[in-house]
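[1] need a structure here:
(2 chains)
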Number of protein chains: 2
Amino acid sequence: MIKVAINGYGTIGKRVADAVSKQKDMQIVGVVKRTPDYVSRIAADKHKLYVSEESGLKAFEESGIKVHGTVGDLLDDCDIVVDSTPEGMGDKNKELYKKHHVKAIFQGGEKPTVGEASFNAYANFEEARGKEFVRVVSCNTTALMRSLFPIYSELGIRKVNVTLVRRGTDPNDHKKGPMNAIEPSFSFPSHHASDAKTIIRDLNIDSMALKVPTTLMHTHVVLLDLEKEASSNDVLDIWGRYNRIKLFNSKDGYKSTAQIMDFARELGRDRSDLFELAIWKDSAHVNSSTLSYIQAVHQESIVVPENVDAIRAMTSETGKEESIKMTDSTLGIA
Amino acid sequence: MIKVAINGYGTIGKRVADAVSKQKDMQIVGVVKRTPDYVSRIAADKHKLYVSEESGLKAFEESGIKVHGTVGDLLDDCDIVVDSTPEGMGDKNKELYKKHHVKAIFQGGEKPTVGEASFNAYANFEEARGKEFVRVVSCNTTALMRSLFPIYSELGIRKVNVTLVRRGTDPNDHKKGPMNAIEPSFSFPSHHASDAKTIIRDLNIDSMALKVPTTLMHTHVVLLDLEKEASSNDVLDIWGRYNRIKLFNSKDGYKSTAQIMDFARELGRDRSDLFELAIWKDSAHVNSSTLSYIQAVHQESIVVPENVDAIRAMTSETGKEESIKMTDSTLGIA
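    Okay, the predicted model is just below:
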């Protein structure tokens, strides 16, 4: 049984905690929160709750939330910690994990150098094998790997240009924006291109990004030059063999991200999540050797299966295909 | 066993179908859809699917969706139909229900005259007893009844003024607005005041309404003059005795509708619904005899328990308290 701790019980942390709880070979030994808010109350009902050193026990005790100790106590009792603290805190936390001799998974908001490897289950599962520190790439990079890796490995890719139209913030946030503007990223390429290369090192990719006023999903407009000749149907057939890709047809009524997330709510999953990358099948066209398509990413949940697989790659001898199968069947990905 | 048909499998219809399926004394005999889209595919997986007369079988057969007949076939096989077709179609459908000698529940988008009674479980359960045609009031009026009826019956109400800040459209819609404007309603009072009086006939109420660019929830700002003297704690104690009201404290992090619907996603319910009326407890203040408070309404699901109770009131001898208890326990309302 792999003993897993979760440091940071936010959007990603709470989802990974529930996903890990569903694995036969893993157990959650505790989760860490900083603030005694409603999310902490929910966390304390479901898991053993620990607090970060800075926040201390007092604020939680005053709020009547049951706490089992501080993060240090938890780290002494686990095989691996999933760090899902706010962006940029991972590097600092890494010293703590080293001190407690515990393996750690970081999220895509951290710099690639935080881990010995960056991770995507389809593309480079074995690179995380036995490692101490691994970084699961961000939701956007995970999504790009999901659709690009199958094409890269079966047809070859000369060049990718992707435009990321990003959601402004998550649905549980009421402070961030943009609320009434479109906000381009002025670094070129946007960091997504270099992040993709931490997984497929020789990928020739550029990216540009904008934020728009929506909370449901990111979307990506992808243009890519294929090495081998292929039709759009060939590409759809390839994607169709991967469970973590779900193809949607606009003619069935999937006219926007609104209907895709409406579909997700019908799946009966916790929090109405969509772990699969959504690709509009009728957006896929091949013109000469250029493939274009549009995909949508449920930013809150797409990295959840990858975190589960990364745990197995780092702490067990379970093979890639077997781990993915175990993760998918427990999360209802068919 | 009460045999229930659902005519119209949209936002309300699909939720009522699932809620009815969870009742020991009811069964869904079939659901009716007009369009062979993705929602129809989901419906056909879960229920016996019938099509409306106008749409016909052909379009569905061409889409490969299994259909059991047209609405007329279904109406011959049920005790009661829940009409959740788009606003304004109920009156027309009523003739069909009469022809097939079947009882019917209509939704709040229909005129009050479509039913022999309008319905809210807490306020007037018995008025629907044995009736042929009943209208469950809209999400907004249901919400107003939830918070007003307990105060009306225990403290008395001299006068209510409510400002409804309404969501622009539902999360599964990508066409309606407003997207970047605040849209006042220019009828005074807005129709909500007269709708409230279909339930509590002598309620002295005025209402004004605006639409804003959000999809999560409606909110209501309520000002009311109490007949009996009471503190805000007295009012909170009264609301606390009703399971279909849930009190939220902003100090726990419930700063907006975003966090309230985030909480709902943690409940593990189908579609992440919040059947309960949400009231911010720290928004409740009494100044002299005037009580003010702010409440939030999950427009997609608040009427679901009321539809289930209306079915029992119309077709069985189950009492008000027993029906509410059965409905609440099956829907996870505690």
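[2] the stretch 201-334 of chain A against chain B: which residues are in contact?
    Proximity of the stretch 201-334 of chain A to chain B (CB under 8 Å from any CB of the partner chain) is limited to residues A:216, A:252-259, A:261-263, A:265-266, A:268, A:270-272. C-beta coordinates here come from the backbone N, C-alpha and C atoms, glycine included.
[3] ok, now with 7 Å
    Within reach of chain B by CB under 7 Å from any CB of the partner chain, the stretch 201-334 of chain A has these residues: A:252-256, A:258-259, A:261-263, A:265-266, A:268, A:270-272.
[4] same question, the stretch 51-200 of chain A
    So the stretch 51-200 of chain A meets chain B at A:171-174, A:180 (CB under 7 Å from any CB).
[5] which among these end up buried?
    Among those, the ones that count as buried by 16 or more other CB atoms under 10 Å in any protein chain shown are A:171-173.
[6] in chain A, where's the longest helix?
    Using DSSP state H to define each element, chain A has its longest helix at helix A:139-154.
[7] which outside residues touch it?
    A:108, A:120, A:122-123, A:137, A:157, A:160, A:162, A:164, A:192, A:195-196, A:199-200, A:203, A:218, A:220, A:235, A:238-239, A:242, A:244-245, A:277, A:279, A:295, A:297, A:299, A:302-303, A:306 (CB atoms under 7 Å, 6 or more residues apart in numbering or on different chains).
[8] stretch A:46-65 now?
    Taking contacts as CB under 7 Å, 6+ apart, the residues outside stretch A:46-65 that touch it are A:17, A:28-36, A:40-41, A:43-44, A:66-74.
[9] can you give me the buried ones in it?
    A:47-52, A:55, A:60, A:63, A:65.
[10] same check, this time on stretch A:222-242
    A:222, A:224, A:226, A:230, A:232, A:234-236, A:238-239, A:242.
[11] how about stretch A:246-254?
    Result for stretch A:246-254 [16+ other CB under 10 Å]: buried residues A:246-248, A:252-254.
[12] nearest to chain B, of these?
    Proximity of those to chain B was ranked by CB to the nearest CB; the top entry is A:G253 with 3.5 Å.
[13] count the residues that sit near the closest residue to that closest one other than its chain neighbours.
    Excluding the flanking residues, the one nearest A:G253 by CB to CB, 6 or more residues apart in numbering or on different chains is B:D37, at 3.5 Å. Using other CB atoms under 10 Å in any protein chain shown, B:D37 has 18 other residues around it.
[14] likewise A:D206?
    Residue neighbour count, defined by other CB under 10 Å, stands at 16 for A:D206.
[15] can you give me the pLDDT of the residue nearest to it when sequence neighbours are not counted?
    Distances taken as CB to CB, 6+ apart put A:P189 closest to A:D206, at 4.5 Å, once the chain neighbours are dropped. pLDDT recorded at A:P189 is 96.
[16] for A:P189, helix, strand, or coil?
    At A:P189, secondary structure determined by DSSP: H, G, I helix; E, B strand; the rest coil is coil.
[17] right, and it touches A:N204 too?
    No - if you go by CB atoms under 7 Å, A:P189 and A:N204 don't touch, sitting 11.2 Å apart.
[18] between those two, which one's more packed in?
    Between A:P189 and A:N204, counted using other CB under 10 Å, A:P189 has the larger neighbour count: 17 against 14.
[19] quick one, phi/psi of that one?
    Here the main-chain torsion angles of A:P189 (degrees, to the nearest 10) amount to phi -70, psi 160.
[20] from the residues of the stretch 51-200 of chain A next to chain B, which is closest to A:I6?
    Distances from A:I6 to these, taken as CB to CB, are shortest for A:N172 (17.3 Å).
[21] so who does that closest one touch?
    Contacts for A:N172 (CB under 7 Å, 6+ apart) come out as B:258-259, B:262.
[22] TSV for the residues you listed, including distance to chain A?
    Shown next, in TSV, are those (distance: CB to the nearest CB, whole Å):
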residue	distance to chain A
B:A258	4
B:Q259	6
B:D262	4
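[23] and the buried residues of stretch A:246-254, which is closest to B:M89?
    Distances from B:M89 to these, taken as CB to CB, are shortest for A:G253 (19.5 Å).
[24] and the pLDDT at the closest one?
    Model confidence at A:G253 (pLDDT) stands at 96.
[25] brilliant, that's me finished.
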